[in-house]
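Enquirer: got a sequence here, can you build the structure:
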Amino acid sequence: MKRILTGAVMVACVATMAVAADTVVMPAKNGNVTFNHAAHNARLECKVCHGGGKPGKIDINKATAHRLCKGCHETKHGPTKCEACHRK
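Expert: Numbering: from 1, shown residues only. Have a look, this model is predicted:
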């Protein structure tokens with residue numbers, strides 16, 4: 001019984017880590033923005049956000065996020081109200 005419980009806990013932890021790796025939280029004064037990379041990656045090509053080079057971590061700030069993310073949301077009909085992305 002202990003082995004089954006231990007195995008179930010280990011599987012749950014690994015599954016949580018796999019999901020968490022696809023989510024990025026960006027701190028902001030008016031509420032943190034949780035970016036679901038997996039969901040965006042399923043809808044968009046990498047070059048939309050990462051440019052033509054090899055995808056990697058994006059150095060993003062408020063101006064970059066608003067230009068890239070909000071601009072895309074406006075053209076692709078995503079959420080555009082501040083509180084839709086910024087959550088306290």
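Enquirer: show me what contacts Glu83?
Expert: If a contact means Cβ atoms under 8 Å, 6 or more residues apart in numbering, then Glu83 has Gly31 as its contacts. For the C-beta atoms, the positions are set from N, CA and C on the backbone; glycine is no exception.
Enquirer: okay, it: pLDDT?
Expert: Here the pLDDT value assigned to Glu83 is 93.
Enquirer: so it, which state does it fall into?
Expert: helix (DSSP: H, G, I helix; E, B strand; the rest coil).
Enquirer: okay, now His73: neighbour count?
Expert: Residues within reach of His73, counting by other Cβ atoms under 10 Å, total 15.
Enquirer: that one and Gly53, how far apart?
Expert: 24 Å (Cβ to Cβ, to the nearest Å).
Enquirer: and if you look at Val24?
Expert: Val24 sits 19 Å away from Gly53, going by Cβ to Cβ.
Enquirer: looking at these two, which one has more neighbours?
Expert: Val24 (14 against 8).
Enquirer: so the more buried one: helix, strand or coil?
Expert: strand.
Enquirer: check contacts around it.
Expert: Listed by Cβ under 8 Å, 6+ apart, the contact partners of Val24 are 34-35, 37.
Enquirer: can you pull the pLDDT of it?
Expert: Each residue has a pLDDT score; the one for Val24 is 88.
Enquirer: lowest confidence element among the helices and strands of the chain?
Expert: Least confident helix or strand of the chain, by mean pLDDT, DSSP states H and E, is helix 2-20 with a mean of 47.
Enquirer: got the buried residues for stretch 72-88?
Expert: Burial within stretch 72-88, assessed by neighbour count using 16 or more other Cβ atoms under 10 Å, is assigned to 72, 85.
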